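# Provide a 3D model corresponding to the input given below.
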Amino acid sequence: MQVAIRRAPEREVPASWAATKRCIDVALGSALLILASPLMAIAAVGIIAVTGGSPFYSQERVGQHGRRFRMFKLRTMVENAHEMRDEVMHLNELNGPVFKIRNDPRLHPLGRLLRRTSIDELPNLINVLRGEMSLVGPRPALTCEVERYDPSAMRRLEVPQGITGLWQIMGRTDVPFEEWMRLDCEYVDTWTPAGDLEILLKTIPAVLRKDGAH
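Residues are numbered from 1 along each chain as shown. From the prediction side, this is the model:
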């Protein structure tokens, strides 16, 4: 299924760029998934030990051109946390149609550590290999968030959604919503395969510094 979106004229890029981007995603994504598998396994065992529930979960997100898909993550919250959203809505720390809490009371004992280290996002690599995401691109949003986008924010859906991007290396949740959207649109207007590689390299120190990871 797709989310209905209002389209603006898209930037035309060489077909070779899209092919190169996909080759990078498959080659590097496969290598990263192999390397990350032991860490994901340890984290999964830890989640089971402290919660007694499933260590993984999937959530519907909106991809390129409004296509919906299930994004995989390590579970950082207690079971049925989505049912508690209305109870903690008043704690939201971001403006715009997004919901983020620095110290979310729904996190289980390991949840904060997994988020601070971005380990919870490692299963996103599966989505990359499935062609639903890219290593680099705007972060996939929830359907309820996209439905509240204005036309300028909709432009972020013109490219594959990614694990990392300009927003992530510039501070993630420390960045106001308007600046977040501006950075995503800047990526849409300027991305190149070489630029993607540069963002990937800059993601490493950003993750180690835990910039905006909550």
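
# for the protein, what's the longest helix?
Ranked by residue count and defined by DSSP state H, the top helix of the chain is helix 15-51.

# who does it touch, helix- and strand-wise?
strand 68-74, helix 124-129, strand 134-136, helix 193-209 (3 or more Cβ pairs under 8 Å, 6 or more residues apart in numbering; DSSP states H and E). Glycine gets a C-beta too; all of them are placed from N, C-alpha and C.

# closest one to P176 among those?
For the helices and strands packed on helix 15-51, proximity to P176 was assessed by Cβ to Cβ; helix 193-209 is nearest, at 17.6 Å.

# any regions of this structure where pLDDT drops low?
Low-confidence segments of the chain, defined by pLDDT under 70: 1-9, 83, 86, 89-90, 92-96, 173, 211-214.

# switch to 50 and redo it
Residue ranges of the chain with pLDDT under 50: 3-7.

# V88 touches D104, doesn't it?
Yes. Counting by Cβ atoms under 8 Å, D104 is a contact partner of V88 at 7.0 Å.

# these two: which has the busier surroundings?
The residue with more neighbours, out of V88 and D104, is D104; 19 against 14, by other Cβ atoms under 10 Å.

# E87 is in contact with the more buried one, correct?
No. When contacts are counted by Cβ under 8 Å, D104 is not listed as touching E87 (11.4 Å).

# give me the number of residues near T192?
T192 has 13 nearby residues by other Cβ under 10 Å.

# can you check I34 too?
Residue neighbour count, defined by other Cβ under 10 Å, stands at 10 for I34.

# swap in the one 10 residues further on?
Other residues lying near A44 total 16 when counted by other Cβ under 10 Å.

# wait, what's in contact with the closest residue to it other than its chain neighbours?
On the basis of Cβ to Cβ, 6 or more residues apart in numbering, the spatially nearest residue to A44 that is not a chain neighbour turns out to be P55, at 3.6 Å. By Cβ atoms under 8 Å, 6 or more residues apart in numbering, the contact set of P55 is 43-48, 74-75.

# pull the most distant pair out of the residues you listed.
Farthest pair in the contacts of P55, by Cβ to Cβ: V45 and R75, 12.7 Å.

# and these two? Which one has more around it.
Per other Cβ under 10 Å, whichever of V45 and R75 has more neighbours is R75, with 24 against 11.

# in three-state terms, label the residue nearest the centre of the chain for me.
Nearest to the geometric centre of the chain sits R139, at 3.9 Å (Cα atoms, centre = their mean). Per DSSP: H, G, I helix; E, B strand; the rest coil, the secondary structure class of R139 is coil.

# now it. Its backbone dihedrals?
Per-residue torsions, R139: phi -70, psi 130 (degrees, to the nearest 10).

# wait, which of the helices and strands packed on helix 15-51 is closest to I163?
Set against I163 and scored by Cβ to Cβ, the helices and strands packed on helix 15-51 come closest in helix 124-129, at 4.8 Å.
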